[in-house]
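Asks: give me the fold of what follows.
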Amino acid sequence: MNRVLILGAGQLARMMELAGTPLNLDVKALDVLSNKVIQPLAPKYICSDLETGIKNADVITAEFEHVAHDILAECEQSGKLYPTSNAIKIGGDRRLEKVLLKSCNAANAKHYFVNTRIDFDEAIDHLSLPLIFKTALEGYDGKGQWRLKSAVDADIIWQDMADFLDNSKTIVKQGIVAEQMVPFDREVSLVGVRRINGDVAAYPLTENHHTNGILSVSVAAPINAQLQQQASTVFKALSDKLNYGCVMAIEFFQVGNHLLVNEIAPRVHNSGHWTQQGADTCQFENHLRAICDLPLGSTALIRPTAMVNIIGEDTVPNEVLAIPSAAIHWYKKDKRVGRKMGHINVSGNNELQLAQRLQRLADILCKQAFPDLSDFAKNYLEKQS
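Replies: Sure, this is the predicted structure:
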């Protein structure tokens with residue numbers, strides 16, 4: 001039995017334990033708030049401290065990027081950490097991410113690093129408005145961002161960013177990355193997996209829709225082969241450069257027939273949750289297979305599938321379960337506004353059937369709790385009809 005320790009004890013660790021049990025894996029997780037090793041599905045049960053957890057583990061991985069660097073160093077010293085601490089740090093720092101993308105010739109938005117007012121003014125001079133400014137560290141779900149559409153707002157936005165930088169308490173120095181805003185057609189993401197021995201596989205590109213900066217819907221369906229090849233080539237370049245050994249997600253902006261990297265995540269990813277019902281082997285199982293050096297499972301799309309995030313709600317109508325192929329995945333979290341509480345996967349034998357079932361789901365769910373789902377489902381159904 002392989003023993004796996006996950007850094008982080010949220011819903012991704014929970015779903016990894018669910019996927020690892022049939023593989024006879026013993027999965028535990030580090031609660032970074034208490035610094036105790038727990039059982040992801042029974043978080044009140046404390047197994048050990050971190051030192052003992054590292055000693056008892058055969059392999060160590062992470063469910064999020066913002067792991068304290070001293071913990072990463074301790075885990076890496078054990079020789080059991082996958083991916084490497086370098087890959088995890090890159091996923092948590094946009095500056096390091098941009099350097100990686102450049103080294104791999106991976107196309108991305110024009111950008112400029114900002115630490116001072118001089119940098120800020122130079123970014124405006126070197127790039128074209130509109131601009132988006134993103135925190136280098138700790139930015140997620142649309143948080144830590146500023147948009148500059150007109151130069152007349154520059155002073156106000158800089159002052160807000162300067163206050164943010166002055167008040168930052170991150171151990172690694174915080175910074176800002178200025179990016180030229182991309183007039184993209186849509187956002188897509190690719191979840192790929194690389195085994196320790198170098199074997200690579202990728203799931204199909206997934207179309208993503210956001211509400212208030214948070215992913216609300218992802219749809220996996222047959223996609224243009226040329227775009228899939230572009231994304232897979234970028235994944236292989238990045239994963240080879242990092243000598244990677246687990247799942248990685250890459251978010252892209254699609255501009256015509258070209259893909260620009262938006263950001264990477266060195267872990268299982270929200271936009272890959274559809275794989276639980278839409279693929280033979282879900283992303284969570286493939287992540288575990290990769291780090292345990294087991295043969296990778298199939299990443300092929302077996303049926304068109306959509307994932308709908310449940311945000312800030314702890315109940316949905318029971319009628320959801322009457323929709324054929326619908327599956328609800330709850331995370332057992334305390335209810336909080338804007339918090340990801342669970343997700344719903346819906347599949348169809350073809351895209352039209354998926355669109356019809358997605359429309360039925362939108363009709364059942366509360367419009368206030370899922371504000372954009374009705375419009376998304378309607379538009380998607382019109383495209384298939």
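Asks: so what's Pro371 up against?
Replies: Listed by C-beta atoms under 8 Å, 6 or more residues apart in numbering, the contact partners of Pro371 are Thr211. Using the backbone N, CA and C atoms, a C-beta is placed for each residue, glycine as well.
Asks: and it, how far is that from Arg14?
Replies: 27 Å (C-beta to C-beta, to the nearest Å).
Asks: how about Val346, secondary structure?
Replies: Three-state call for Val346 (DSSP: H, G, I helix; E, B strand; the rest coil): strand.
Asks: for it, list each beta-bridge partner.
Replies: When bridges are called by DSSP bridges, Val346 pairs up with Ala306.
Asks: strands along the stretch 201-350 of the chain, start to end?
Replies: 206-211, 214-220, 247-255, 258-265, 305-311, 327-330, 340-347 (DSSP state E, counting those that start in this stretch).
Asks: out of those strands, which is the most enclosed?
Replies: Among the strands of the stretch 201-350 of the chain, strand 305-311 has the highest mean neighbour count (mean count of other C-beta atoms under 10 Å), at a mean of 26.
Asks: show me what that strand is packed up against.
Replies: strand 214-220, helix 275-278, strand 340-347, helix 351-364 (3 or more C-beta pairs under 8 Å, 6 or more residues apart in numbering; DSSP states H and E).
Asks: re the thing from before, Glu285: which of the strands of the stretch 201-350 of the chain is closest?
Replies: Closest approach to Glu285 among these (C-beta to C-beta): strand 247-255, 9.8 Å.
Asks: tell me, how many residues neighbour the residue nearest to Gly10 when sequence neighbours are not counted?
Replies: In this structure, Gly10 finds its nearest non-sequential neighbour in Glu63, 6.0 Å apart by C-beta to C-beta, 6 or more residues apart in numbering. Glu63 has 24 neighbours, counted by other C-beta atoms under 10 Å.
Asks: dump the residue contacts of Glu63.
Replies: Ile6, Leu7, Gly8, Ala9, Gly10, Leu12, Ala13, Met16, Ala29, Arg267, Val268.
Asks: hang on, isn't the second one packed against Cys75?
Replies: The one in question is Leu7. Yes: between Leu7 and Cys75 there is a contact at 6.9 Å, judged by C-beta atoms under 8 Å.
Asks: name the residues contacting each of those two.
Replies: Ile60.
Asks: looking at this protein, name the residue that lies furthest from the middle.
Replies: Largest separation from the mean C-alpha position in the chain: Val152, at 34.7 Å (C-alpha atoms, centre = their mean).
Asks: which of the three states applies to that residue?
Replies: When the rule is three-state DSSP, Val152 gets the label helix.
Asks: show the pLDDT at it.
Replies: Val152 carries a pLDDT score of 93 in this model.
Asks: go on, the one 10 residues further on?
Replies: As predicted, Ala162 sits at a pLDDT of 94.
Asks: A helix includes it, no?
Replies: Yes: assessed by three-state DSSP, Ala162 belongs to a helix.
Asks: roughly how far does it sit from Val191?
Replies: For Ala162, the distance to Val191 - C-beta to C-beta - is 37 Å.
Asks: the two - which one has more neighbours?
Replies: The residue with more neighbours, out of Ala162 and Val191, is Val191; 33 against 14, by other C-beta under 10 Å.
Asks: quick one: the helices in the chain, in order.
Replies: Along the chain, counting by DSSP state H, helices occupy 11-20, 50-56, 69-77, 85-91, 94-103, 117-126, 154-167, 225-241, 275-278, 283-291, 351-364, 373-384.
Asks: so how far is stretch 329-341 off the chain centroid?
Replies: Averaging C-alpha positions (C-alpha atoms, centre = their mean, to the nearest Å) puts stretch 329-341 17 Å from its chain's average.
Asks: circling back: state the distance from the residue nearest to Gly10 to Val247.
Replies: Taking C-beta to C-beta as the measure, Glu63 falls 11 Å from Val247.
Asks: list the contacts of the spatially most central residue of the chain.
Replies: Nearest to the mean C-alpha position of the chain, by C-alpha atoms, centre = their mean, lies His269 at 3.4 Å. Shown in contact with His269 (C-beta under 8 Å, 6+ apart): Ser189, Val191, Val247, Ala249, Gln283.
Asks: can you do 10 Å?
Replies: With contacts defined as C-beta atoms under 10 Å, 6 or more residues apart in numbering, His269 is in contact with 12, 189-191, 206, 215, 218, 247-251, 283.
Asks: again with Pro304
Replies: Each residue near Pro304 by C-beta under 10 Å, 6+ apart is listed here: 204, 219-222, 274, 278, 346-355, 357-358, 384.
Asks: please redo it, this time with the cut-off set to 6 Å
Replies: Neighbouring residues of Pro304 by C-beta atoms under 6 Å, 6 or more residues apart in numbering: Ala221, Gly348, Glu351, Leu354.
Asks: wait, doesn't Lys149 sit right on Pro130?
Replies: Yes: using C-beta atoms under 6 Å, Lys149 is in contact with Pro130, at 4.4 Å.
Asks: joint contacts of the two?
Replies: Here Lys149 and Pro130 share no contacting residue, scored by C-beta under 6 Å, 6+ apart.
Asks: what's the nearest residue to Ile90 if we skip its chain neighbours?
Replies: Leaving aside its chain neighbours, Ile90 sits nearest to Leu96 (4.4 Å; criterion: C-beta to C-beta, 6+ apart).
Asks: and what of Arg357?
Replies: Val346 (5.0 Å).
Asks: do you know how far that neighbour is from Val114?
Replies: From Val346 across to Val114, the span is 42 Å (C-beta to C-beta).
Asks: now do stretch 356-366: everything it contacts.
Replies: Residues outside stretch 356-366 that contact it (C-beta under 6 Å, 6+ apart) are Ala306, Pro317, Glu319, Val320, Ile323, Val346, Gly348, Leu373, Ser374, Ala377, Leu381.
Asks: filter the residues you listed down to the buried ones.
Replies: Neighbour-count burial (16 or more other C-beta atoms under 10 Å) is assigned, among the contacts of stretch 356-366, to Ala306, Val320, Ile323, Val346, Gly348, Leu373, Ala377, Leu381.
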